[in-house]
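S.K.: predicted model and sequence below, questions to follow.
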Amino acid sequence: MTPEDEARAIDDVTRRLATNYPHLDVRAIAAEVKTAHGQFAGSRIRDYIPLFVERAVRDRLASQPAQP
């Protein structure tokens, strides 16, 4: 996976999560994605990182209450 492909995949993750969690602010979702993605900065094999990021953020978001 090229860095450009990974960036597109991470953007897709953010969009997908924003669609699945419309009650949450998209900026908060993007921040969670950025944080989770940063945890993999030193990983040499990059192919599955978008999947791992999405799963980690989905777990965090599922436990958050709805925003007014």
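M.R.: Ah, there it is. Numbers count the residues shown, from 1 in each chain.
S.K.: what's the longest helix in this structure?
M.R.: helix 3-20 (DSSP state H).
S.K.: same for the helix or strand just after it, what does it pack against?
M.R.: Going down the chain from helix 3-20, the next helix or strand is helix 26-38, by DSSP states H and E. Counting contacts by 3 or more Cβ pairs under 8 Å, 6 or more residues apart in numbering; DSSP states H and E, helix 26-38 packs against helix 3-20, helix 49-62. No exception for glycine: its C-beta is placed from N, CA and C like everyone else's.
S.K.: can you say which of these is packed in most?
M.R.: Among those, helix 49-62 has the highest mean neighbour count (mean count of other Cβ atoms under 10 Å), at a mean of 17.
S.K.: from the chain's centroid, how far away is it?
M.R.: Averaging C-alpha positions (Cα atoms, centre = their mean, to the nearest Å) puts helix 49-62 6 Å from its chain's average.
S.K.: please begin residue numbering at 212 from this point
M.R.: From this message on, residue numbering opens at 212, which makes the last subject helix 260-273.
S.K.: which residues touch it?
M.R.: 212, 217, 220-221, 223-224, 227-228, 231-232, 235, 240, 243-244, 247-248, 250-251, 254 (Cβ atoms under 8 Å, 6 or more residues apart in numbering).
S.K.: and the angle for it with helix 237-249?
M.R.: 130 degrees (axes from the mean of the first three to the mean of the last three Cα atoms, to 10 degrees).
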